[in-house]
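Asks: below: sequence and its predicted model.
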Amino acid sequence: MSPFDAEYVPSPWEPIAAEVELYERSAGSEPSPVVGDEWIILWTLGARSQKVRKTPLVRITDGDGRYAVIGSMGGAPTDPQWVHNLRAHRIARLQDGAEVREFEVRETEGDERAAWWQRATAVWPDYDAYQAGTDRHIPVFELTPTASPG
């Protein structure tokens with residue numbers, strides 16, 4: 001049994017809940033009004049609640065099965081809630097199109113972060129503006145597939 005079999009609680013912010021519904025209905029084939037054409041759904045476990053949370057994010061991959069997620073929240077002064085969830089649990093599930101897999105998660109720094117950041121800005125150039133517009137260090141997490149699909 002996977003920890004992601006826990007109860008799913010949709011985002012209380014309606015635009016996010018609607019994005020998740022759109023993605024799941026279309027397997028990501030319809031573009032996101034918020035995230036664009038290249039997008040995924042990140043599943044995390046609530047840091048305190050242990051309930052499943054789903055977040056639409058920009059699709060960033062290295063082409064070898066690993067992904068990155070960027071905790072930008074549009075350059076807001078605080079991290080998005082899912083960042084706290086990843087730091088608490090270090091696991092995630094990700095839906096990319098119709099495929100759903102589980103991943104180990106770790107926060108990147110230094111050259112590794114810079115390489116992921118370059119991949120990210122190639123897909124979503126606004127990340128540079130988001131970082132310039134906030135005093136916080138925007139976190140970058142690498143997701144590596146677990147040994148067996150979830």
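Replies: Great, that's in hand.

Asks: for the rest of this, base every contact and every neighbour count on C-alpha atoms.
Replies: OK.

Asks: and after the lengthiest strand in the chain, which helix or strand comes next?
Replies: Counting residues, the longest strand found in the chain (DSSP state E) is strand 99-107. Following strand 99-107 in sequence order, the next helix or strand is helix 110-123 (DSSP states H and E).

Asks: give the buried residues for that following helix.
Replies: 113, 116-117, 119-120, 123 (16 or more other CA atoms under 10 Å).

Asks: swap in stretch 60-77?
Replies: Burial within stretch 60-77, assessed by neighbour count using 16+ other CA under 10 Å, is assigned to 60-61, 67-72, 75-76.

Asks: which two in those residues are spaced the farthest apart?
Replies: Greatest spacing in the buried residues of stretch 60-77, by CA to CA: Thr61 and Ala76 (23.8 Å).

Asks: now the strands for the protein?
Replies: Going by DSSP E, the chain shows strands at 39-45, 52-58, 67-70, 91-96, 99-107, 140-145.

Asks: including mean pLDDT, could these go into CSV?
Replies: Shown next, in CSV, are these (pLDDT from 0 to 100):
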stretch, mean pLDDT
strand 39-45, 98
strand 52-58, 98
strand 67-70, 98
strand 91-96, 98
strand 99-107, 97
strand 140-145, 98
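
Asks: of all these, which one comes closest to Glu14?
Replies: So among the strands of the chain, strand 52-58 is nearest, using CA to CA, at 11.8 Å.

Asks: ok, Val105 to Thr134 distance?
Replies: 24 Å (CA to CA, to the nearest Å).

Asks: between these two, who's got more neighbours?
Replies: It is Val105, of Val105 and Thr134, that has more neighbours when counted by other CA atoms under 10 Å, with 22 against 15.

Asks: who are the contact partners of that one?
Replies: Contacts here follow CA atoms under 8 Å, 6 or more residues apart in numbering; on that basis Val105 touches 86, 90-92, 141-144.

Asks: doesn't Pro56 make contact with Ile41?
Replies: Yes. Using CA atoms under 8 Å, Ile41 makes contact with Pro56 at a distance of 4.5 Å.

Asks: now for the two: what residues contact both?
Replies: Joint contacts of Ile41 and Pro56 (CA under 8 Å, 6+ apart) are Val20.

Asks: pull the residues that contact stretch 18-29.
Replies: Applying CA under 8 Å, 6+ apart, the contact partners of stretch 18-29 are 30, 32-34, 39-41, 54-56, 96-98.
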